[in-house]
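> build the 3D model from these lines:
(chains A, B, C and D)
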Protein chains: 2
Amino acid sequence: MGTYTIGELARAAGVNVETVRFYERRGLLRQPERGDGYRRYPESDLDRLRFVRRAKVLGFTLAEITELLDAATAGATDDVVAAARERLASVDVEIAALQDQRRRLEALADVCAGGDDGCLTLAVAAEP
Amino acid sequence: MGTYTIGELARAAGVNVETVRFYERRGLLRQPERGDGYRRYPESDLDRLRFVRRAKVLGFTLAEITELLDAATAGATDDVVAAARERLASVDVEIAALQDQRRRLEALADVCAGGDDGCLTLAVAAEP
DNA sequence: CTTGACCCCGGACCGCAGTACGGGCCGTAC
DNA sequence: GTACGGCCCGTACTGCGGTCCGGGGTCAAG
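Alright, predicted model coming up:
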């Protein structure tokens, strides 16, 4: 009760068993107890694993998640907030880059649709 | 005149010499003539290389660029336009994903700043 | 005559986040 | 008894786009 085999843990978190082992190697999950040689995870490890997956959805890298986990288990709310704001800033940068790409692609499609020869070199005049 | 060594070509296009060789292996650049064993690139290969770099800026993968090059050298403007529109569509998907991340991050930062305990699990109530 | 700047090559390595592979153990159900 | 599912392990491979490494050749300047 309240403890999971690796397969159960993986299923509960919606990840692959291999992923759990991989996270363990990476230090994202601690070595669980092993009575009979098999890993036995307490509920808290499921929470931890879910934390990792949620952080992934937010776009954090595994390296960042490692720090985030340390902060969260230490109750350092401030550090979590700081990390979130930092990530927010880089998301904004990424969005801006994609919007620039988008703009260029539209310009290209427009020019090309007009039968312009610049199309074949992907050269599009810069916006004024 | 009008021909470049690999180093000159690389410099002219703003890439690494290794990158030129890598592109050659990938088939993005054709095998140039070699009088004395050294690669000798005509102007057209500089154009080609620049095309590749511009396509990269637009977010195309090297595999896509390979096709794009074929289309462009064949004068198939339509295919180029189609590729641009396709890429445009996936850029939009990427932007939407990032905006979703952004939204979640903001919600997290807000909740955390309020001293909420959900912060330490990265759990944030879904929007209504 | 050595130093430096080019060039040649094949193959290894980077980061990122897993995924797959091959071999072996254990228990249960058929 | 043997097939199946779950677990164990270490290692290698995936995709992407390069980048670096070690070893070797040629030339001109100092």
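> buried sites along the helix or strand containing A:Asp78?
Taking DSSP states H and E as the criterion, A:Asp78 maps to helix A:77-113. Residues of helix A:77-113 classed as buried: A:77, A:79-81, A:83-84, A:87-88, A:91, A:94-95, A:98, A:101-102, A:104-105, A:108-109, A:111-112 (neighbour count, 16 or more other C-beta atoms under 10 Å in any protein chain shown). Quick note: C-beta positions are derived from backbone N, CA and C, even for glycine.
> out of those, which are close to chain B?
A:77, A:80-81, A:84, A:87-88, A:91, A:94-95, A:98, A:101-102, A:104-105, A:108-109, A:112 (C-beta under 8 Å from any C-beta of the partner chain).
> and the residue of chain A nearest DNA strand D?
A:Gly7 (2.3 Å; C-beta to the nearest atom of the strand).
> now for the spatially most central residue of chain A: which residues touch it?
When C-alpha atoms, centre = their mean is applied to chain A, the residue found nearest the centroid is A:Lys56 (2.8 Å). Listed by C-beta atoms under 8 Å, 6 or more residues apart in numbering or on different chains, the contact set of A:Lys56 reads A:62, A:65.
> quick check: buried residues in the helix or strand hosting it?
According to DSSP H and E, A:Lys56 maps onto helix A:43-57. The neighbour-count check on helix A:43-57 (16+ other C-beta under 10 Å) flags A:45-46, A:48-55 as buried.
> so which bits of chain A are right by chain B?
Checking chain A against chain B by C-beta under 8 Å from any C-beta, the hits are A:47, A:50-51, A:54-55, A:57-59, A:68, A:72-73, A:75, A:77, A:80-81, A:84-85, A:87-88, A:91-92, A:94-95, A:98-99, A:101-102, A:104-106, A:108-109, A:112-113, A:115, A:119-123.
> export the buried residues of helix A:43-57 to TSV and append columns for distance to DNA strand D and pLDDT.
What follows is the buried residues of helix A:43-57, written out as TSV (distance: C-beta to the nearest atom of the strand, whole Å; pLDDT from 0 to 100):
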residue	distance to DNA strand D	pLDDT
A:Asp45	12	97
A:Leu46	13	97
A:Arg48	16	97
A:Leu49	14	98
A:Arg50	18	97
A:Phe51	21	97
A:Val52	18	98
A:Arg53	18	97
A:Arg54	22	96
A:Ala55	19	97
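> about what we covered before: ok and the helix holding A:Lys56 relative to helix B:77-113, angle-wise?
If you take axes from the mean of the first three to the mean of the last three C-alpha atoms, to 10 degrees, helix A:43-57 sits at 140 degrees to helix B:77-113.
> report the distance from helix A:43-57 to the chain centre.
12 Å (C-alpha atoms, centre = their mean, to the nearest Å).
> is stretch A:57-77 positioned near DNA strand D?
No: applying C-beta under 7 Å from any atom of the strand, one finds stretch A:57-77 separated from DNA strand D by no less than 12.3 Å.
> can I see the domain layout of chain A?
Split into domains by automatic domain parsing, chain A comes to A:1-60, A:76-128.
> now the shortest one, how far from the chain's geometric center?
In this case it means domain A:76-128. Relative to the centre of its chain, domain A:76-128 is centred 21 Å away, using C-alpha atoms, centre = their mean.
> so it, near DNA strand C or not?
No: between domain A:76-128 and DNA strand C, judged by C-beta under 7 Å from any atom of the strand, nothing touches; the nearest distance is 11.7 Å.
> now do that domain, average pLDDT.
Averaging pLDDT along domain A:76-128 gives 87.
> tally of neighbours for A:Asn16?
A:Asn16: 11 surrounding residues under other C-beta atoms under 10 Å in any protein chain shown.
> read off the pLDDT value for the nearest residue to it once chain neighbours are set aside.
Leaving aside its chain neighbours, A:Asn16 sits nearest to A:Ala10 (6.2 Å; criterion: C-beta to C-beta, 6 or more residues apart in numbering or on different chains). As predicted, A:Ala10 sits at a pLDDT of 98.
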